[in-house]
Each structure stands twice: as C-alpha cells, then as structure tokens.
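Q: Turn this into a model:
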Amino acid sequence: MNLLDAMNARLDRLDEAAKKKLAKTMKEDELRDQHIVPIARTLGYLIYWTWNSKHSPAGFPDIYLLHPGTGRIIIRELKRVGNKPTEAQQAWLDGFGVAGLDAQVWTPVDMISGRIRQELIDGASRTA
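A: Residues are numbered from 1 along each chain as shown. Model (predicted):
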C-alpha cells in the first residue's frame with residue numbers, strides 16, 4: 001500500500017451512514033488541514049491559504065495549490081456540505097476560470113468520493 005492509499009484507508013472502512021455524517025459535520029478548516037494539505041504535500045504541491053482574511057478583499061478562494069513539477073495550478077473555495085459560494089467568492093472563481101485556471105469548489109463530499117484525491121494526483125502527473 002502506498003502512502004496515499006494509507007492516508008485514505010480509514011475512509012474506506014466507514015459505512016455509508018458514517019461517511020454521510022462525517023461529510024455533514026466536517027468544517028472547512030478540517031477538510032483543508034486533515035485531508036487536502038496532507039495529500040497535496042505528499043504529492044509535492046506548494047500550498048497557500050490566507051490564515052486570517054479579516055483585512056483582505058472579500059471572496060478570494062480558500063486554498064491555492066501549485067505543483068512545481070507540472071505547473072498545474074488548482075484553486076479551490078472550500079465549503080461545508082450544502083453551502084454555496086458567496087457572490088464575491090463566485091466572482092473570483094469565475095475570473096480565475098476566464099483566465100484559464102482550474103478554480104472550483106470542494107466540499108467534504110468530494111473528499112469522501114475521492115474527487116479531491118484524484119484531482120490532486122492528476123495535477124501532479126500532468127506536464128506543464
């Protein structure tokens with residue numbers, strides 16, 4: 001078993017009800033700190049997030065990932081299950097998209113489904 005598989009093995013042991021409960025109760029910072037950042041670091045990404053956005057312009061996405069080996073940039077707004085981006089957050093995501101960057105929303109459901117892991121793996125294996 002490789003390191004990435006080991007990091008997700010505990011999710012694989014959960015039944016569907018437990019996965020739904022985990023997704024529904026997980027906060028954005030837990031998603032970032034416990035799932036996204038460890039996988040991204042293992043894959044060699046440079047990672048940025050604003051620690052405290054109190055004095056920053058509204059809406060800038062939560063996490064910015066750059067893979068220096070492939071040049072892949074992944075920009076994500078993190079949301080709890082059922083929440084949507086604010087108007088300002090959506091404006092930033094749309095603007096990054098127009099600029100040709102991969103800017104989307106991730107929720108805990110995306111972590112449980114394997115979407116986050118797969119997108120990070122794909123970004124680490126693509127050539128610039």
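
Q: For this protein, which segments count as strands?
A: 46-48, 63-66, 73-78, 102-106 (DSSP state E).

Q: now those strands as TSV including mean pLDDT and distance to L22?
A: C-beta coordinates here come from the backbone N, C-alpha and C atoms, glycine included. Converted to TSV, those look like this (pLDDT from 0 to 100; distance: least, Cβ to Cβ, whole Å):
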stretch	mean pLDDT	distance to L22
strand 46-48	98	23
strand 63-66	98	20
strand 73-78	98	15
strand 102-106	98	15
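
Q: Quick one, which of those gets closest to A17.
A: strand 102-106 (22.2 Å; Cβ to Cβ).

Q: partners of the closest one, with directions?
A: strand 73-78 (parallel) (DSSP bridges).

Q: which other residues reach the strand it pairs with?
A: Strand 73-78 is contacted from outside by 28, 31-32, 36, 45, 61-67, 85, 89, 92-93, 96, 101-107, 119-120, 123, using Cβ atoms under 8 Å, 6 or more residues apart in numbering.

Q: From those, keep the buried residues only.
A: Using 16 or more other Cβ atoms under 10 Å as the burial test, the contacts of strand 73-78 include 28, 31-32, 36, 45, 61-67, 85, 89, 92-93, 96, 103-107, 119-120, 123 as buried.

Q: Give the full set of residues in contact with the nearest residue to L11 once chain neighbours are set aside.
A: Excluding its sequence neighbours, the residue lying closest to L11 (Cβ to Cβ, 6 or more residues apart in numbering) is I112, at 6.3 Å. For I112, the contacting residues are 11, 19, 22-23, by Cβ under 8 Å, 6+ apart.
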